[in-house]
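Student: Give me a model of this one.
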Amino acid sequence: MEVKILGTTDTTRRPRFGALRRPASAAMCGVLLVASMAPLGSQQRAPRLVGVRVDSAHAAPRQPERTFSREFWSWMRDEARRFRELNGGPLAFALRYRIGSDLAREIHQAAQEEGIDPDLAFRLVRVESAFNPRARSRVGALGLTQLMPGTARWLDRSLTHEGRILAPRTNLRVGFRYLHILIDKYDGNLQLALLAYNRGDGAVDRDLRRGRNPENGYSRHVLGVGFDRYSGRGVIAKR
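Tutor: So this is what the prediction gives:
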């Protein structure tokens, strides 16, 4: 006779599943732990190419590389424009002659409006007045371009007072206009045009008729010598 005691199990007929769960759980934890410690790249496998040879997989077209954006090229164009302006603009002349940027801008603008190369214009003003707007000579020449009052009135009848002739903008505009007239008169000969600006065209013409050289050193002083010598035509298209 078999006696069953409550609260006990029949160990002879039922397998001990509890003893099997513990090794299985430990093994599963180990697998998960190893998987979590594996490198991230090892978990992302490349897709398998079905029907494609291994050596042809390397010849697959690559994604096009990124090119510079439009914003970058726009920025490059703006910087190139600024560089050109700096290289031949008012700021470059201001740094070269150590003058204020406002005055450099006035000279540069007046030269362009009257069709004179700004490089030649700055050279002329440097020799004539050393960039002093209030400059006066012993013979009565006035301002940045050292205009004689008679010459100023001949070119602009409204210039009847010294104050108006001395005004920087007006003085530069009229002085460069006069220089342009002389360059045209002497067919682009800058030496003769500058000598006429300094001595008067009548004196230059008289020396030329007599076979004399009208040079008094002024043109060389303006145009420079050696590597610093001016090599342009003197005139540009008006702006």
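
Student: so where's the protein uncertain?
Tutor: 1-68, 79-87 (pLDDT under 70).

Student: swap the cut-off to 50 and go again
Tutor: Scanning the chain with the threshold set as pLDDT under 50 gives 1-20, 31, 34-35, 38-43, 46, 49, 52-54, 56-57.

Student: I'd guessed residue 152 sits against residue 165; true?
Tutor: Yes - between residue 152 and residue 165 there is a contact at 4.9 Å, judged by Cβ atoms under 8 Å. Bear in mind the C-beta positions are built from the backbone N, C-alpha and C, glycine included.

Student: what is in contact with the two at once?
Tutor: 142, 159, 174 (Cβ atoms under 8 Å, 6 or more residues apart in numbering).

Student: Hmm, residue 191 and residue 234 touching each other?
Tutor: No - between residue 234 and residue 191 there is no contact under Cβ under 8 Å: 10.3 Å.

Student: The two: who's more crowded?
Tutor: Ranked by neighbour count (other Cβ atoms under 10 Å), residue 234 and residue 191 place residue 234 first, with 22 against 17.

Student: Identify the residues contacting the more buried one.
Tutor: Residue 234 is in contact with 116-117, 120, 179, 183, 188, 190, 193, counting by Cβ under 8 Å, 6+ apart.

Student: Sketch out the helices for the chain, chain order is fine.
Tutor: Remark: helices assigned in the chain by DSSP state H are 17-37, 40-43, 54-57, 70-88, 90-97, 101-113, 118-129, 149-155, 162-166, 168-185, 190-199, 201-209, 218-223.

Student: buried set for the last one?
Tutor: Of the residues in helix 218-223, those buried by neighbour count under the rule 16 or more other Cβ atoms under 10 Å are 218-219, 222-223.

Student: what's it packed up against?
Tutor: Judged by 3 or more Cβ pairs under 8 Å, 6 or more residues apart in numbering; DSSP states H and E, the packing partners of helix 218-223 are helix 118-129, helix 190-199.

Student: Name the residues that touch the shortest one?
Tutor: By Cβ under 8 Å, 6+ apart, the list of residues contacting helix 190-199 from outside reads 120, 124, 178-179, 182-183, 185-186, 203-204, 208, 214-216, 218-219, 222-223, 230, 233-234.

Student: Now that helix - C-alpha only, CSV.
Tutor: Provided in CSV are the C-alpha atoms of helix 190-199 (Å, rounded to 0.1, in the frame of the first residue of the first chain):
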residue,chain,number,x,y,z
LEU,A,190,51.4,111.7,-71.1
GLN,A,191,54.8,113.5,-70.8
LEU,A,192,53.6,116.5,-72.8
ALA,A,193,50.2,116.5,-71.2
LEU,A,194,51.7,116.6,-67.7
LEU,A,195,54.2,119.3,-68.7
ALA,A,196,51.4,121.3,-70.1
TYR,A,197,49.4,120.8,-66.8
ASN,A,198,52.4,122.1,-64.9
ARG,A,199,53.8,124.8,-67.2
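
Student: relative to helix 201-209, how tilted is that helix?
Tutor: Orientation check (axes from the mean of the first three to the mean of the last three Cα atoms, to 10 degrees): helix 190-199 against helix 201-209 gives 130 degrees.
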